[in-house]
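Visitor: predicted model follows, preceded by the sequence.
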Amino acid sequence: MFKLSPQKLVNLTLLVLTISIVVQCEKDKGQPQDIQTKKNDSLALVKKDSLIQDSIKKNTIVYQPFIFPKNKRDSAMAVFNDQFSKEEQTVILSLNRLDLKNKWRADTLMIPDKIDATLMSYSPFPRTLDQLKEVSKIVFFSYPIQAYALYENGALIKWGPTSMGHKTAQTKRGLMFTNWKKELAISTVDSDWKLPYNFNVHNTLGIGWHQYDLPGYPASHSCLRLTMDDAKFLYKWADQWILNKGGATVKANGTPVIVFGDYQWGGKKPWKNLSNDAQSNNISVEEMNAVIKPDLAKILEEQAKRNTVVSAQNTTQPSA
């Protein structure tokens with residue numbers, strides 16, 4: 001767990017407010033000036049801390065807003081780049097539904113007082129869902145908070161940011177199943193768009209998840225955008241469908257995927273409420289149960305069918 005002291009966050013805010021003075025001083029001296037010559041002791045110690053899971057259980061997170069003034073954006077970004085390593089920036093940007101390529105779009109970033117590279121400390125999803133104890137794998141995509149979650153037998157194993165379909169090309173809600181995947185797909189909307197680690201979840205509509213820009217809001221043409229690391233993880237983690245001989249019909253579906261909820265179009269981005277209430281984006285167990293319940297029987301039915309097919313395949317394969 002990388003811990004950022006409250007003083008450091010205060011320093012950041014003060015630095016943004018005095019950027020114009022800093023910039024002028026730099027011009028006068030004719031050379032760049034170190035905004036902070038030495039990182040706080042807590043940040044130095046943090047890099048040696050490997051007790052992430054212990055921290056998840058014991059610590060709460062406090063968020064502070066870091067504002068990029070319109071007329072001082074470049075100077076504010078210089079402060080941000082100076083204060084945080086690339087790994088720390090990646091975590092902060094993920095919490096604000098941005099990636100490194102799109103950090104220039106930031107106007108206000110919510111910055112946590114502790115940096116957890118796994119993101120698990122900040123999870124808005126419940127850690128366990130008893131209703132899913134018999135479901136080996138399932139993926140959720142939440143429209144309201146633009147985030148995904150992976151569960152194995154009811155235990156949350158991973159979550160992260162996404163950018164789903166924009167207002168006029170929204171991602172289909174409801175239950176779907178993963179089917180085919182391709183390490184590098186080409187978009188059917190624009191052939192210039194390359195889609196790394198694409199995993200299709202709705203064959204007829206062409207919906208899938210893959211790596212692509214995270215600009216801090218729903219921006220896709222109905223697909224589910226992910227960071228590169230997340231796209232790689234899900235590419236390996238989820239199961240493909242199993243087709244009958246000839247490939248014309250489905251013998252068994254892949255991993256269940258549920259897309260749910262509605263985004264507040266034109267409203268305040270929900271993660272910007274974190275500085276006032278660190279729990280504001282959290283989805284309760286009751287809310288998740290309401291999402292799961294209508295499809296649980298179908299999910300278990302398809303899982304049983306797949307297990308039967310896989311078991312039959314394993315028994316008919318010749319031994320080495």
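Guide: Here it is on my side, so go on. Residues are numbered from 1 along each chain as shown.
Visitor: in three-state terms, label V201 for me.
Guide: Here V201 is recorded as strand under DSSP: H, G, I helix; E, B strand; the rest coil.
Visitor: is it true that it touches K181?
Guide: No. Using C-beta atoms under 8 Å, V201 is not in contact with K181; the gap is 9.9 Å. Placement of C-beta: from N, CA and C, glycine included.
Visitor: compare these two and say which is more crowded by neighbours.
Guide: A direct count of neighbours by other C-beta atoms under 10 Å for V201 and K181 places V201 higher, at 27 against 22.
Visitor: look at the more buried one and report its pLDDT.
Guide: pLDDT, V201: 96.
Visitor: ok, now I56?
Guide: On the pLDDT scale, I56 gets 47.
Visitor: list the buried residues for the longest helix along the chain?
Guide: Counting by DSSP state H, the longest helix found in the chain is helix 296-316. Judged by neighbour count (16 or more other C-beta atoms under 10 Å), helix 296-316 contains these buried residues: L296, I299, E302, Q303, R306.
Visitor: list just the nearest of the residues you listed to W241.
Guide: Nearest to W241, judged by C-beta to C-beta, of the buried residues of helix 296-316 is R306 at 8.8 Å.
Visitor: surely P65 is in a strand?
Guide: Yes. Counting by three-state DSSP, P65 falls inside a strand.
Visitor: in CSV: the buried residues of helix 296-316, plus distance to W104 and pLDDT.
Guide: Formatted as CSV, the buried residues of helix 296-316 follow (distance: C-beta to C-beta, whole Å; pLDDT from 0 to 100):
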residue, distance to W104, pLDDT
L296, 43, 98
I299, 41, 98
E302, 43, 98
Q303, 43, 98
R306, 44, 97
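Visitor: need these in a markdown table with distance to D192, can you?
Guide: Formatted as a markdown table, these follow (distance: C-beta to C-beta, whole Å):
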| residue | distance to D192 |
| --- | --- |
| L296 | 41 |
| I299 | 37 |
| E302 | 36 |
| Q303 | 38 |
| R306 | 36 |
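Visitor: which of the residues you listed lies closest to E88?
Guide: For the buried residues of helix 296-316, the minimum distance to E88 (C-beta to C-beta) is 37.5 Å, reached by I299.
Visitor: excluding its backbone neighbours, what's nearest the closest one?
Guide: P256 (4.7 Å; C-beta to C-beta, 6 or more residues apart in numbering).
Visitor: show me the contacts for that neighbour.
Guide: Counting by C-beta atoms under 8 Å, 6 or more residues apart in numbering, P256 makes contact with V135, K137, I138, V139, L175, M176, F177, D295, I299, E302, Q303.
Visitor: low pLDDT regions in the chain?
Guide: Along the chain, the parts satisfying pLDDT under 70 run over 1-59, 190-191, 318-320.
Visitor: and the strands in the stretch 201-320 of the chain?
Guide: 207-211, 224-226, 242-243, 250-252, 256-260 (DSSP state E, counting those that start in this stretch).
Visitor: would you turn the ones you listed into TSV with distance to R73?
Guide: Shown next, in TSV, are the strands of the stretch 201-320 of the chain (distance: least, C-beta to C-beta, whole Å):
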stretch	distance to R73
strand 207-211	26
strand 224-226	24
strand 242-243	51
strand 250-252	50
strand 256-260	34
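Visitor: looking at those, which is nearest to S75?
Guide: Short answer: strand 224-226, nearest of the strands of the stretch 201-320 of the chain by C-beta to C-beta, at 29.8 Å.
Visitor: for the longest helix of the chain, packing partners?
Guide: The helices and strands touching helix 296-316, judged by 3 or more C-beta pairs under 8 Å, 6 or more residues apart in numbering; DSSP states H and E, are strand 174-177, strand 242-243, strand 250-252, strand 256-260.
Visitor: go through those and pick out the most buried.
Guide: Ranked by mean neighbour count under mean count of other C-beta atoms under 10 Å, those are led by strand 256-260, which reaches a mean of 23.
Visitor: can you give the strand pairings for that one, parallel or anti for each?
Guide: Partners of strand 256-260 in the sheet, by DSSP bridges, are strand 138-142 (parallel), strand 174-177 (antiparallel).
Visitor: now M176: how far from Q313?
Guide: Distance of M176 to Q313, computed by C-beta to C-beta, to the nearest Å: 23 Å.
Visitor: nothing else from me, thank you.
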